[in-house]
Each structure stands twice: as structure tokens, then as C-alpha cells.
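**Q** Build me a structure from this.
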Amino acid sequence: MNTPRTAPIARRTFLTTAAAVTTFTVLKSGTVFGAEANSKLDIGLIGCGGRGAWIADLFMNTGKYRLAACADYFSDRIQAVGAKHGVEVGRRYSGLSGYKRLLESKLDAVVIETPPYFHPQQCADAVEAGKHVFAAKPVAVD
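**A** Next up is the predicted model:
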């Protein structure tokens, strides 16, 4: 008994069909389980002075981030930024080592807006803590 041979499919026909099928199988990100829960990144702000407060506003205005923690040497600065962006009082850290306590908390990324002298150490500590880093320039002073 001979089985009938089918004609080979042309490359163009195969690619067109594959593209059409793929178009219908791709899902919107909102329909994937858990995508909505992870739509905003929790960030921590190190340096809450004038530039730090300004950059925090820029991040918040995108709607893609949530300021979850902040740190600065001066307590009045962290209180002002924290109050404006709804940071829990227990996640506002002051003093020279306040940023280290911030890095111990659960965050997706940190924003470093301190004087340039502090950038190398703070960036290194943030990377070592497993955080993504948005650092103001310059990354180092020499």
C-alpha cells in the first residue's frame, strides 16, 4: 500500500502561517497571572535634598514607581520627602549609615542623589545588596 506524498510547503507560506498563529497566541501583559501586582517598582531614595526631592517627583510622575523608603543625613529632609510621597515612618532612615539600613529593606532599586563624594561607596554597597541602581552623575569624583 502506497501512502500519498504531500507537496512540500513553500517557505513563504510557512512563515506567513507561523506569523498569523503567533499573533493570536501572544497575550497582553495584563492577562498574565501576577502582572498587575508587579506593575510598579519599589524604589528607595538615598539623598533627599533639593535634587533628591526633584528626582523623586520625576519618578513618581511616571506612575511606574513607588517610593518605599528614603534616607538622608538630615532628618528634616527625609520627613519632608517621606510625607509628600507616603513613605512609612519606619522606612525613613537618617544619619550617615541610614542608607545601609535602607539597602537592607525589600526594594527593587535605589536612586542615589547624594553629593558625588559618597557615590562610589553607596553604589558599591547597593550593588552588593542586590539592588538595581539609578545614580546621579558623576559616579565617582576621580
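**Q** who does I43 bridge with?
**A** Legend: beta-bridge partners of I43 under DSSP bridges are L67, A109.
**Q** Distance of it relative to V133?
**A** For I43, the distance to V133 equals 10 Å [C-beta to C-beta, to the nearest Å]. Yep, even glycine has a C-beta here, placed from its N, CA and C like the rest.
**Q** Mind listing the shared neighbours of the two?
**A** Common neighbours of I43 and V133, counting by C-beta atoms under 8 Å, 6 or more residues apart in numbering, are A109, V110.
**Q** Of these two, give the one with the bigger neighbour count.
**A** I43 (23 against 18; other C-beta atoms under 10 Å).
**Q** Show the contacting residues for that one.
**A** Going by C-beta under 8 Å, 6+ apart, the list of residues near I43 reads F59, Y65, R66, L67, A68, L107, D108, A109, V110, V111, F134.
**Q** can you rerun that using 10 Å?
**A** Shown in contact with I43 (C-beta atoms under 10 Å, 6 or more residues apart in numbering): 56, 59-60, 64-70, 107-111, 131-132, 134.
**Q** For the helix or strand containing K84, what does the pLDDT average out to?
**A** If you go by DSSP states H and E, K84 is part of helix 75-85. Averaging pLDDT along helix 75-85 yields 96.
**Q** Could you do stretch 9-19 as well?
**A** For stretch 9-19, the mean pLDDT works out to 68.
**Q** Kindly indicate whether A71 is helix, strand or coil.
**A** Per DSSP: H, G, I helix; E, B strand; the rest coil, the local secondary structure of A71 is strand.
**Q** I'd like the distance between it and L45.
**A** Remark: distance between A71 and L45 (C-beta to C-beta) = 7 Å.
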